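Chemist: Got a predicted model here, sequence first, then my questions.
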Amino acid sequence: MGVLLQAFYWDCPRDAGVEHKWWRHVTARLDQLRDAGFTALWLPPCSKAASATSMGYDPFDYFDLGEFDQRGAVETWFGSKADLVALVEAAHARGMQVYADAVYNHMSGGENEYNPDYRRDGWTRFRPASGRYEFDFACFHPSRFQRGDGEAWGGMADLCHRNPLVYDAIMAHTNMLITEIGFDGFRFDFVKGYGAWMIRSIHERQYVCGRGLVFPFGVGESWSSDGEIDAWLDEINRYTDNPMSAFDFPLRYRLKDMCDSYGYSLRRLAEGGTVAAERPDRAVTFVDNHDFRGGDSPPIINDKLMAYAFILTHPGYPCVFWKDYFEDALGQPGSPRGIEALVAAHERSAGGDAIVRYVDDDLYVMERAGWKAATGLVFVLNNRGDRWNGTFVDTTRPNTAYRPIAWSGRDGAAPEPTGTAPDGRGQFWAPPRGYAVYIPA
């Protein structure tokens, strides 16, 4: 299915020293990303936000992509519309898709006005410089069209999608992003805040542009339990020919516990209760993202490559975080000890059923059986910090030599090649607090 890269992190324009030039910064890395095996990019919100130095999750003018002098700048914090279009076109020229971050629950930066329907003031008067879709109090909750729709966010003006003006504006915006800018799909922010029917309307639409009909990819962000995410997927994918996916937050929390909690049992990784376990074809798996920055949402601190090794060998659509790959130097180009080697393993070998061949508290061995051009693999995860760990397991491949192609851990030595006997049984090992990925030689 490919490997997705979240091509930003919080405050990335400032931290990387490329304010108003982030689109160009990403464009300059495209050859490296293509060669590493990435197949798609998820970009941050590209519309003008309430602040000139904003990550875009407080949208002010959906139709200003860095063209109008408002909110303190002409360009967005990431750059101009021309730079954005150039990035999308350059990614397409390298065979990569590009997904837009769609923030449709709320807006920010409006002027204060009186709502006569509910006899209250609110920051709901929007007069954008783009001249598109001026909003007033009736466009936000509580509204004469609908009192409420789920959760509000951070005190921002909560959009009322039942208002025909709001619905038309959002549909026009998604159409612009696909047919004019060239996006291939959407990451939908905070989907718990509004009705699934709105996203379904966006996702089921047939977009027509120079490339022909576009059936967008879509993934929803729901910080929820497996049951809640499952119910959302049921609701949004009922009677649709273009089903949505969801980020696998339950799996991410297990991976954090594995990396950061002493004594974590690897048996938990073989249990159900994650999107990848229950609906692997609808799971977007990940290790960290821009929202895990500390406080109540801390990032993974220890042995993060163990988590990446898991998602890049198992079913699901894995998403790699730019900050981990580049800023924290976990990509390790040209080395078997980083994310790049795991991406290559995913693209070349991680096909077919995932069969857990052995698991206890400290050792986890999984085989991918292979499918079409994907060769299959054996993945070994070792939770012990004091020694190498391994065991004999059954495989689907008798009389087969295996070689390690990706590994990392607290021992600098490389795993030895191994093989299976006529009955398909073989012995596979991983370094302390680490992993190893083997493929048929």
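Modeler: Okay, I see it.

Chemist: helix or strand for the spatially most central residue of the chain, which one?
Modeler: When the chain is reduced to its mean C-alpha position, the closest residue under Cα atoms, centre = their mean turns out to be C319, at 4.7 Å. If you go by DSSP states H and E, C319 is part of strand 317-321.

Chemist: Toward the C-terminus, what is the element adjacent to that strand?
Modeler: Toward the C-terminus, strand 317-321 is succeeded by helix 322 as the next helix or strand (DSSP H and E).

Chemist: Show me what that next one is packed up against.
Modeler: Judged by 3 or more Cβ pairs under 8 Å, 6 or more residues apart in numbering; DSSP states H and E, helix 322 has no packing partners among the helices and strands. Placement of C-beta: from N, CA and C, glycine included.

Chemist: sorry, back to before: so what strands line up beside the strand holding C319?
Modeler: Strand 317-321 sits in its sheet next to strand 4-6 (parallel), strand 283-286 (parallel), going by DSSP bridges.

Chemist: what's that strand in contact with?
Modeler: Where contact means Cβ atoms under 8 Å, 6 or more residues apart in numbering, the residues beyond strand 317-321 that reach it are 1-6, 9, 38, 42, 219, 245, 247, 283-290, 308, 311-312, 339, 343, 346.

Chemist: can you give me the strands for the stretch 1-150 of the chain?
Modeler: Using DSSP state E, counting those that start in this stretch, the strands assigned to the stretch 1-150 of the chain run over residues 4-6, 40-42, 48-49, 59-61, 97-102, 106-107, 111-115, 120-125.

Chemist: I'd like to know which elements the second one is packed against.
Modeler: The criterion is 3+ Cβ pairs under 8 Å, 6+ apart, and the helices and strands that strand 40-42 contacts are strand 4-6, strand 97-102.

Chemist: Provide the contact partners of it at residue level.
Modeler: 2-7, 26, 33, 91, 96-99, 101, 184, 187, 217, 319.

Chemist: most neighbours per residue, which of the strands of the stretch 1-150 of the chain?
Modeler: Mean neighbours per residue, mean count of other Cβ atoms under 10 Å, is largest over those for strand 48-49, with a mean of 28.

Chemist: Report the rounded mean pLDDT for it.
Modeler: For strand 48-49, the mean per-residue pLDDT is 98.

Chemist: how close does G150 sit to D101?
Modeler: Counting by Cβ to Cβ, to the nearest Å, the gap between G150 and D101 amounts to 19 Å.

Chemist: can I get the strands of the stretch 1-150 of the chain in CSV with distance to Y194?
Modeler: Converted to CSV, the strands of the stretch 1-150 of the chain look like this (distance: least, Cβ to Cβ, whole Å):
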stretch, distance to Y194
strand 4-6, 23
strand 40-42, 20
strand 48-49, 19
strand 59-61, 14
strand 97-102, 11
strand 106-107, 9
strand 111-115, 19
strand 120-125, 16
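
Chemist: who wins for proximity to T396 among those?
Modeler: In this view, these are compared for proximity to T396 by Cβ to Cβ, and strand 4-6 is the closest at 28.2 Å.

Chemist: Contacts for that closest one next, please.
Modeler: 33, 38-42, 99, 284, 286, 289-290, 317-322, 325.

Chemist: Go again with 6 Å.
Modeler: Taking Cβ atoms under 6 Å, 6 or more residues apart in numbering as the criterion, the residues outside strand 4-6 that touch it are 38, 40-42, 289, 319-322.

Chemist: what does stretch 342-357 give?
Modeler: With Cβ under 6 Å, 6+ apart, stretch 342-357 has contacts from 3, 36-37, 270, 308-309, 312-315, 365-371, 374-377, 393, 405-406, 437, 439.

Chemist: What about the residues you listed, which are in helices?
Modeler: Among those, the subset assigned to helices under DSSP state H consists of 36, 308-309.

Chemist: Redo the residues you listed as CSV? Include pLDDT and distance to G426.
Modeler: Below are the ones in helices among the contacts of stretch 342-357 laid out as CSV (pLDDT from 0 to 100; distance: Cβ to Cβ, whole Å):
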residue, pLDDT, distance to G426
A36, 98, 29
Y308, 99, 25
A309, 99, 19
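
Chemist: what's the distance between the residue nearest to F186 when sequence neighbours are not counted and E340?
Modeler: Excluding its sequence neighbours, the residue lying closest to F186 (Cβ to Cβ, 6 or more residues apart in numbering) is A102, at 4.4 Å. Here the criterion is Cβ to Cβ. By it, A102 lies 29 Å from E340.

Chemist: any idea which of the contacts of strand 4-6 is the one closest to G212?
Modeler: Distance to G212 across the contacts of strand 4-6 (Cβ to Cβ) is lowest for A40, with 18.8 Å.

Chemist: who's the closest one bridged to?
Modeler: Per DSSP bridges, the residues bridged to A40 are L4, Q97.

Chemist: again, but for A374
Modeler: A374 has these beta-bridge partners by DSSP bridges: W371.

Chemist: Give me the residue ranges of the stretch 151-300 of the chain where confidence is low.
Modeler: Segments of the stretch 151-300 of the chain classed as low confidence (criterion: pLDDT under 70) are not present in this model.

Chemist: Now do the contacts for the nearest residue to G424 once chain neighbours are set aside.
Modeler: Across the structure, with Cβ to Cβ, 6+ apart as the measure, the residue nearest G424 apart from its sequence neighbours is P398 (4.3 Å). P398 makes contact with 420, 422, 424 under the criterion Cβ under 6 Å, 6+ apart.

Chemist: what do you get if the cut-off is 7 Å, keeping everything else the same?
Modeler: Contacts for P398 were tallied using Cβ atoms under 7 Å, 6 or more residues apart in numbering; they are 420-424.

Chemist: Please apply the same query to R132.
Modeler: R132 is in contact with F63, counting by Cβ under 7 Å, 6+ apart.

Chemist: and what of the one 5 residues further on?
Modeler: By Cβ under 7 Å, 6+ apart, the contact set of F137 is 113, 115, 122, 124.
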